[in-house]
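Asks: A predicted structure for the sequence below; I have some questions about it.
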Amino acid sequence: MANLSIFVGSVYGNAQHVAEEVKKHVEGMSHTATIVDDPTVDDFRNSEFPLFITSTTGQGDLPPNLEFFFMDLRDAFPLMEQKPFAVAALGDSSYGDTYCGAGRQVYELLEELQGKAVAPMLEVDAIETLEPETEVVSWVSKILS
Ligand SMILES: Cc1cc2nc3c(=O)[nH]c(=O)nc-3n(C[C@H](O)[C@H](O)[C@H](O)COP(=O)(O)O)c2cc1C
């Protein structure tokens, strides 16, 4: 059984909705999942399996609800010692170079912290899909099975 902490970064609610659908699905597979939308470094330290689901805002920026957490995490630099992690990035490829920039920033930091990515970062393009939850739920299912 996996105990996921879903760290969600969302501006308009898309990523939040995806996180809620993932939680439901994961619990249906007899795992546990907690959504963390105002995270602290301790939430991160205490998580067994951090799963980030974050949109990108501005020009490749993190949603405001993750900004301070991200800075704190970079400062505290809690080494993960190969703890598993996964990152799903919601973005829009019409933004060009900053496509899924927030997800990329998170993924790179977790690699620097020596976490173990259980899968390459998932990119969910708003131009390609109107149902990001379907893609993310199926990706998480594969990771857990
Ligand atoms: C003001 C604004 C800026 C955005 N900037 C980017 C960006 O730089 N890169 C990207 O991939 N997507 C960008 N997006 C697209 C969002 O990440 C995408 O629409 C996402 O689904 C929003 O999810 P949310 O409702 O959880 O915030 C931007 C959207 C808005 C409205």
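Replies: Noted; the coordinates are in hand. Every value quoted in this text rests on a predicted model; they were computed, and no experiment measured them. Numbering: from 1, shown residues only.

Asks: Any idea what residue 53 is bridged to?
Replies: residue 8, residue 88 (DSSP bridges).

Asks: count of neighbours near it?
Replies: Other residues lying near residue 53 total 32 when counted by other C-beta atoms under 10 Å. The C-beta positions use only the backbone N, C-alpha and C, and glycine is treated the same way.

Asks: And residue 85, by the same measure?
Replies: Close neighbours of residue 85, defined as other C-beta under 10 Å, add up to 24.

Asks: How about the residues of the chain by the ligand?
Replies: Where the chain comes near the ligand, counting by C-beta under 6 Å from any ligand atom, the residues are 10-15, 55-60, 63, 90-92, 95, 98-101, 126.

Asks: Please convert the buried members of those residues into PyMOL selection syntax.
Replies: To isolate the buried ones among the residues of the chain next to the ligand in PyMOL, judged by 16 or more other C-beta atoms under 10 Å, type:
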select buried, resi 10+11+14+15+55+56+57+60+63+90+91+92+95+98+99+100+101
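
Asks: Helices - which of the residues of the chain next to the ligand land there?
Replies: Here DSSP state H is the test, and those give 14, 15, 101 as lying in helices.

Asks: Quick check: of these, which lies closest to residue 85?
Replies: Taking C-beta to C-beta as the measure, residue 15 is the one of those closest to residue 85, at 16.4 Å.

Asks: In contact with the closest one, which residues?
Replies: 8, 9, 53, 54, 55, 63, 90, 132 (C-beta atoms under 8 Å, 6 or more residues apart in numbering).

Asks: pLDDT wise, what is the residue lying closest to the second one once chain neighbours are set aside at?
Replies: Yep, that's residue 9 we're talking about. Of all residues not flanking residue 9 in the chain, residue 54 sits nearest, at 3.3 Å (C-beta to C-beta, 6 or more residues apart in numbering). At residue 54, the pLDDT value in this model is 99.

Asks: Using PDB, write out the CA atom coordinates for stretch 57-70.
Replies: Provided in PDB are the C-alpha atoms of stretch 57-70 (Å, rounded to 0.1, in the frame of the first residue of the first chain):
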ATOM      1  CA  THR A  57       1.100  30.600 -14.200                       C
ATOM      2  CA  GLY A  58       2.700  33.900 -15.300                       C
ATOM      3  CA  GLN A  59       5.600  33.000 -17.500                       C
ATOM      4  CA  GLY A  60       6.700  29.600 -16.300                       C
ATOM      5  CA  ASP A  61       5.900  30.400 -12.700                       C
ATOM      6  CA  LEU A  62       4.600  28.400  -9.800                       C
ATOM      7  CA  PRO A  63       1.100  29.000  -8.600                       C
ATOM      8  CA  PRO A  64       1.100  31.500  -5.600                       C
ATOM      9  CA  ASN A  65       0.100  28.700  -3.200                       C
ATOM     10  CA  LEU A  66       3.400  26.900  -3.800                       C
ATOM     11  CA  GLU A  67       5.700  29.900  -4.100                       C
ATOM     12  CA  PHE A  68       6.800  30.300  -0.500                       C
ATOM     13  CA  PHE A  69       6.900  26.500   0.100                       C
ATOM     14  CA  PHE A  70       9.200  26.100  -2.900                       C
END
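
Asks: Nice, that's everything, thank you.
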